[in-house]
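**Student:** no sequence on this one, just coordinates:
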């Protein structure tokens, strides 16, 4: 491919895809050429709404899924289709020679995800899951700070929470609590980020053991989906990570990374709060004891990057599209992305299996 | 007792007791009359060091434990003796008619603690555990904010971490990792605060079930003490709490309280950082979605009280001594204090039992 512009198609006119419409619009190495829905009329309506707000020079074409995959002016597809029906279209897209940016949770389980990745590998196309925070400008700064040997020292503990209060309407109608479409519920939608962040901190080393607890479920017995879930990950070197995700609990997206020398706190690890710099705070408190005086002194240090949290050229979702487009244009597949997606799903599967078995400690295989 | 001054004795010239020396010195309804050590010479040395730094008008007397308990000018005793030998002296103190402020963890298990409390009740003396944060000026503000119905809404999740990196010397010599003296290690020394804070948030309702994980132990098999421990508490109404405590991980003492409407974060729930106001932050982020724009906006509100974190008239340890002295002088025992200590120990025991049984969910009885 000699072009310096990656031509995108969106397979599924979902709400979340509006954000990536804008990201494709702002990434200078990407363009959106086609949008597909089961009903082309729905794709057209969705496309018109976005095009009027955030226009491409040439409006993308509305079509069906199969029509989109046959197009020769589409190099890469973004697939936000529900998890329960995603495998079919990821495999078809790969077989059509399209690079695949796949919404998370990628599959209902690691077996399905492996089939998707195998299809991508067989067709020499890139696979990546749509975890935007992986592409934020904050992440490299977090990496170098965790690794500097002094701020955190040896890692010991990671703790994360990602939750939002979905409300009653959500529980009645949203596909994210439908067993057929989103069987992993809050664990898939939110826990994916908790697990991925923990794996990031651990440089994608898999934990050896995990446990999980189903705190709240929704739906009929045998077809209920997780609404609230906690888990714990254990690595062989003594590091552990706890996580909590919930559709019942108002928005929080914090992470604490602790070690033998200090700690790092992030209050918005998934999506940086709007209107702020993207930041984290490191602390190495000093304990001063002198005679009858006991002082703990906090010495916080703030680390920040200027990064817009929505729709701007350096927002994390724009970086994601830019990076993916670059990979698609390069002709070389980066195996790191399917690898970390599969690890995330494997850890998630094992946490869920543990929860279904009374929270017993399970080996990650 | 007609006096308006509670006369204190300290049973055990421990380091931590230096802080309470100062607290007794600053509480206007308290005075220190005697200090005991196994060797009176050691008590004298310790007393002289403190008296030269923070003097009482009349220097306290140095004596042995038994001598102290026989004195008629001692109304209340503070007992920082090691957990492994504490029961004997709490019971003796109660039988001698002294009110008992007991260092935490109160006993090696709830059975021993119950025996101590029974002795105090039989002798109509007050029992209280030495959890200083219970007496901070911040706690009533936290209570009313959690309960206001809007800031947090219905409670869903509590998460806490209390840790400090003890270092190799500590592990070699400190009694806090001696099985005979402090069999509960970090779980007793630090986890006591995690559990108590969670019980405070839940208005001292016991969880119905808990689980625990031993992350790191120290010492020979069969006599090892916890160095690093995680646990999870589950209430019947769907609220859950996770905690982590560690002697291996540098200082953190954070708490997150989350509900259906918002959340509260405390970064120093055990001992307010020195030189700061004592504060917490509530947040109710707003999710603004409009077309291709996705904004999470943080709306933090800071709550603060002016409270000195060490040695001043309104420091939490001074409030503890003041409150205890008031109870001792009142002639009426407040049953809330032994009750919450026993609940804390019961939850801790059950978490430890779970950890010794592979982390299985256990009923709290």
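**Tutor:** Looks like it came in fine. Since this is a predicted model, take the numbers as computed values, not measurements.
**Student:** how about low-confidence regions in the stretch 1-150 of chain A?
**Tutor:** Within the stretch 1-150 of chain A, the stretches with pLDDT under 70 are A:1-2.
**Student:** could you redo the last one with a cut-off of 50?
**Tutor:** A:1 (pLDDT under 50).
**Student:** which residues are there in it that come within reach of chain B?
**Tutor:** In this structure, the stretch 1-150 of chain A approaches chain B at residues A:15, A:18-19, A:21-22, A:49-50, A:53-54, judged by C-beta under 8 Å from any C-beta of the partner chain. Glycine gets a C-beta too; all of them are placed from N, C-alpha and C.
**Student:** Buried ones among these?
**Tutor:** Neighbour counting with 16 or more other C-beta atoms under 10 Å in any protein chain shown marks A:18-19, A:21-22, A:50, A:54 as buried within the residues of the stretch 1-150 of chain A next to chain B.
**Student:** And the residues you listed, which is closest to residue B:143?
**Tutor:** Nearest to residue B:143 among these: residue A:19, at 40.2 Å, using C-beta to C-beta.
**Student:** mind checking how far that closest one is from residue B:245?
**Tutor:** To residue B:245, residue A:19 is 40 Å away according to C-beta to C-beta, to the nearest Å.
**Student:** Same question for residue A:36.
**Tutor:** According to C-beta to C-beta, residue A:36 and residue B:245 sit 52 Å apart.
**Student:** go on, residue A:177?
**Tutor:** When distances are taken as C-beta to C-beta, residue A:177 and residue B:245 turn out to be 35 Å apart.
**Student:** Same check on residue A:71?
**Tutor:** 58 Å.
**Student:** ok, which stretches of chain A are helices?
**Tutor:** A:16-26, A:40-53, A:65-70, A:83-95, A:110-122, A:138-146, A:167-173, A:185-186, A:192-201, A:316-330, A:336-356 (DSSP state H).
**Student:** quick one: residue A:340 and residue A:196 touch, right?
**Tutor:** Yes. Residue A:340 lies in contact with residue A:196 (C-beta atoms under 8 Å); the separation is 7.2 Å.
**Student:** more neighbours, these two?
**Tutor:** Each of residue A:340 and residue A:196 has its neighbours counted (other C-beta atoms under 10 Å in any protein chain shown); residue A:196 has more, 25 against 18.
**Student:** Setting the sequence-adjacent residues aside, check what's closest to the more buried one.
**Tutor:** Using C-beta to C-beta, 6 or more residues apart in numbering or on different chains and skipping residues adjacent in sequence, the residue nearest residue A:196 is residue A:344, 5.0 Å away.
**Student:** The nearest residue to residue A:3 once chain neighbours are set aside: neighbour count?
**Tutor:** Closest residue to residue A:3 apart from its sequence neighbours, by C-beta to C-beta, 6+ apart: residue A:329 at 6.9 Å. Residues contacting residue A:329 under the criterion other C-beta under 10 Å number 19.
**Student:** how near is residue A:329 to chain B?
**Tutor:** 24 Å (C-beta to the nearest C-beta, to the nearest Å).
**Student:** what does residue A:277 give?
**Tutor:** Distance, residue A:277 to chain B, using C-beta to the nearest C-beta: 12 Å.
**Student:** wait, what's in contact with the residue lying closest to that residue once chain neighbours are set aside?
**Tutor:** Leaving aside its sequence neighbours, residue A:277 sits nearest to residue A:304 (C-beta to C-beta, 6+ apart; 4.1 Å). By C-beta atoms under 8 Å, 6 or more residues apart in numbering or on different chains, the residues touching residue A:304 are A:277-279.
**Student:** beta partners of residue A:304?
**Tutor:** The partner list for residue A:304 in beta bridges (DSSP bridges) reads residue A:279.
**Student:** ok so, going back, would you mind confirming that the residue nearest to residue A:196 is in contact with residue A:192?
**Tutor:** Yes. Using C-beta under 8 Å, residue A:344 is in contact with residue A:192, at 6.0 Å.
**Student:** any residues in contact with both of the two?
**Tutor:** Jointly contacting residue A:344 and residue A:192 under the rule C-beta under 8 Å, 6+ apart are A:104, A:129.
**Student:** now the strands for the stretch 151-300 of chain A?
**Tutor:** Here the stretch 151-300 of chain A has its strands, by DSSP state E, counting those that start in this stretch, at A:155-165, A:209-218, A:225-234, A:240-246, A:248-259, A:263-266, A:278-283, A:286-290, A:293-297.
**Student:** before we move on, back to that, which of residue A:177 and residue B:245 has more neighbours?
**Tutor:** Comparing residue A:177 with residue B:245 by other C-beta under 10 Å, the one with more neighbours is residue B:245, at 28 against 24.
**Student:** Look up how far chain A lies from the more buried one.
**Tutor:** Residue B:245 is 10 Å from chain A, where distance means C-beta to the nearest C-beta.
**Student:** Distance of the residue nearest the centre of chain A relative to residue A:319?
**Tutor:** Nearest to the mean C-alpha position of chain A, by C-alpha atoms, centre = their mean, lies residue A:131 at 2.6 Å. From residue A:131 over to residue A:319 the distance is 12 Å, taken as C-beta to C-beta.
**Student:** how about the residue located most distally from the centre of chain A, what does it touch?
**Tutor:** The C-alpha centroid of chain A is most remote from residue A:291, which lies 50.7 Å away (C-alpha atoms, centre = their mean). The contact partners of residue A:291, by C-beta under 8 Å, 6+ apart, come to B:18, B:49-50, B:53-54.
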